[in-house]
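Undergrad: sequence plus predicted model, see below.
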Amino acid sequence: MAIPFKSYVNRAGRYHPGEMFSRGKRYVLLAIGTTLLSGCAGFGSPALVLGEPESAVVAKLGRPTHVIEDGDARILEYMTGPFGQTTHLAKITSDGRLASYEQVLTTQKFAQIVIGGSTKPDVLRLIGTPSQTSYLDLPKLEVWSYPYWENPVSDSIMHVHFDRAGIVQKLLNGPDLRRDSDHGAINLNQNMRGSLL
């Protein structure tokens, strides 16, 4: 089963006007949208201070997209998926104070995932909630997908594959074809099916 990415190519093999923006327009719209959606977390927002209470963090950043339990502590997640390429995690200590705040969809963070060792909860605590999930029938693997900026100028997706026990079995990195207008007539669903099986 392929990851259900939307194809922007019509049956005639041409990009349909209105379904796909030019690369420049998409990046401008993405930048504007990200800034607007991030609200207080955008430019000119008050800086977070380590040790400040959780209520102050939420007042500055807004309501988190998810809250991830981490023992006695908790992690406030601020993700921009499914088309966003960043996720910020604010780690809150057991006494309700900010311990750290960082953008976690990076090559360095993905490198900390241990094949054959990391579990779903480990991955959630490390890089947050996936933008998309899917299931591969033949190898019987669940796939969590994370769009991100790789270089930081390359649009990429990291796919984390879990077995039935919820243990990471492999990582697969590739280009985010949803953002690439130079591929011509490509059925993205078929392309992703071929790369993941």
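TA: Great, that's in hand.

Undergrad: now that residue 104 has come up, it's in contact with residue 85, right?
TA: No - if you go by Cβ atoms under 8 Å, residue 104 and residue 85 don't touch, sitting 11.5 Å apart. No exception for glycine: its C-beta is placed from N, CA and C like everyone else's.

Undergrad: mind listing the strands for the protein?
TA: 66-70, 73-79, 87-92, 98-103, 132-136, 141-149, 155-162, 168-175 (DSSP state E).

Undergrad: any chance of those strands in TSV, with distance to residue 112, mean neighbour count and mean pLDDT too?
TA: Formatted as TSV, those follow (distance: least, Cβ to Cβ, whole Å; neighbours: other Cβ atoms under 10 Å; pLDDT from 0 to 100):
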stretch	distance to residue 112	mean neighbour count	mean pLDDT
strand 66-70	15	14	96
strand 73-79	15	20	96
strand 87-92	13	22	97
strand 98-103	12	15	97
strand 132-136	20	15	94
strand 141-149	13	21	95
strand 155-162	12	21	95
strand 168-175	11	15	94
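
Undergrad: what would those strands look like in JSON lines with distance to residue 122?
TA: Shown next, in JSON lines, are the strands of the chain (distance: least, Cβ to Cβ, whole Å):
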{"stretch": "strand 66-70", "distance to residue 122": "10"}
{"stretch": "strand 73-79", "distance to residue 122": "12"}
{"stretch": "strand 87-92", "distance to residue 122": "13"}
{"stretch": "strand 98-103", "distance to residue 122": "17"}
{"stretch": "strand 132-136", "distance to residue 122": "16"}
{"stretch": "strand 141-149", "distance to residue 122": "12"}
{"stretch": "strand 155-162", "distance to residue 122": "10"}
{"stretch": "strand 168-175", "distance to residue 122": "8"}
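
Undergrad: so who does the residue nearest to residue 75 when sequence neighbours are not counted touch?
TA: Closest residue in space to residue 75, ignoring its immediate chain neighbours: residue 68 at 4.2 Å, by Cβ to Cβ, 6 or more residues apart in numbering. Listed by Cβ atoms under 8 Å, 6 or more residues apart in numbering, the contact set of residue 68 reads 74-75, 77, 89, 124-125, 128-129.

Undergrad: gap between residue 92 and residue 141?
TA: Per Cβ to Cβ, to the nearest Å, residue 92 is found 32 Å from residue 141.

Undergrad: go on, residue 94?
TA: 35 Å.

Undergrad: can you list contacts of stretch 98-114?
TA: Here stretch 98-114 has contacts from 48-54, 56-57, 73, 85-93, 122-123, 126-128, 146-150, 158, 160, 168, 171, 173, using Cβ under 8 Å, 6+ apart.

Undergrad: mind doing that once more with 7 Å?
TA: Residues from elsewhere that reach stretch 98-114, judged by Cβ atoms under 7 Å, 6 or more residues apart in numbering: 48, 50-52, 57, 85-93, 123, 126-128, 146, 148, 150, 158, 160, 168, 171.

Undergrad: returning to what we had before: now the contacts of residue 68 as a markdown table including distance to residue 100?
TA: Listed next are the contacts of residue 68 as a markdown table, based on distance: Cβ to Cβ, whole Å:
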| residue | distance to residue 100 |
| --- | --- |
| 74 | 12 |
| 75 | 9 |
| 77 | 13 |
| 89 | 8 |
| 124 | 16 |
| 125 | 12 |
| 128 | 13 |
| 129 | 18 |
